[in-house]
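**Student:** Turn this into a model:
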Amino acid sequence: MTAQREELKVKLNSETGKLGWNELERHYARGVVVKVMPGLDLIEVATCFANDEKEPVERWLTSGEVERAQEQDARRWADQNPTFWAVVVAPWVLIQEVETPDAVH
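**Tutor:** The predicted model follows:
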């Protein structure tokens, strides 16, 4: 890993925060919310987006591990009001739902 890439990961990690649906809803309305599935490292995904690393991003998009938020997501989030880890990689807001022991999807 290059020093520059490591610095970017540290920067993105420091810019990551928890959000609720009410804070995320306006970004969803703009069409810029990208879901990162549990099991993936949100900061690694954000780093790949920021560096325009096409190979891993395309692999995740193809597998469905990373995808734009859809209407059914927004409906569920409005009903359940989960918490998300979020980081901005302009123009995208990358999110990962905080897993809770009793979460039902």
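
**Student:** for the closest residue to residue 67 other than its chain neighbours, which residues make a bridge with it?
**Tutor:** The shortest distance from residue 67 to any non-neighbouring residue, by CB to CB, 6 or more residues apart in numbering, is to residue 35 (5.6 Å). Every residue, glycine included, has its C-beta placed from N, CA and C. With DSSP bridges as the criterion, residue 35 is bridged to residue 67, residue 95.

**Student:** what's near enough to touch residue 35?
**Tutor:** 66-69, 73, 95-97 (CB atoms under 8 Å, 6 or more residues apart in numbering).

**Student:** Show me where the protein has its strands.
**Tutor:** For the chain, applying DSSP state E gives strands covering 17-20, 33-36, 66-68, 83-89, 92-97.

**Student:** And the ones you listed: which comes nearest residue 4?
**Tutor:** Judged by CB to CB, the one of those that comes nearest to residue 4 is strand 83-89, at 15.7 Å.

**Student:** Not counting its own residues, what contacts the closest one?
**Tutor:** Residues contacting strand 83-89 (CB under 8 Å, 6+ apart): 12, 15-21, 24, 42-43, 46, 49-50, 93-98.

**Student:** What strands flank it, and is each parallel or antiparallel?
**Tutor:** Paired strands of strand 83-89, defined by DSSP bridges, are strand 17-20 (antiparallel), strand 92-97 (antiparallel).

**Student:** Just say which of those is most tucked in.
**Tutor:** Ranked by mean neighbour count, those are led by strand 92-97 with a mean of 21 (mean count of other CB atoms under 10 Å).

**Student:** Grab the CA positions of that strand and hand them over as CSV.
**Tutor:** Only the C-alpha atoms of strand 92-97 are listed here, as CSV (Å, rounded to 0.1, in the frame of the first residue of the first chain):
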residue,chain,number,x,y,z
TRP,A,92,-21.4,10.1,-3.4
VAL,A,93,-22.4,9.4,0.2
LEU,A,94,-21.3,5.9,1.0
ILE,A,95,-23.2,4.2,3.8
GLN,A,96,-23.2,1.0,5.7
GLU,A,97,-26.0,0.1,8.0
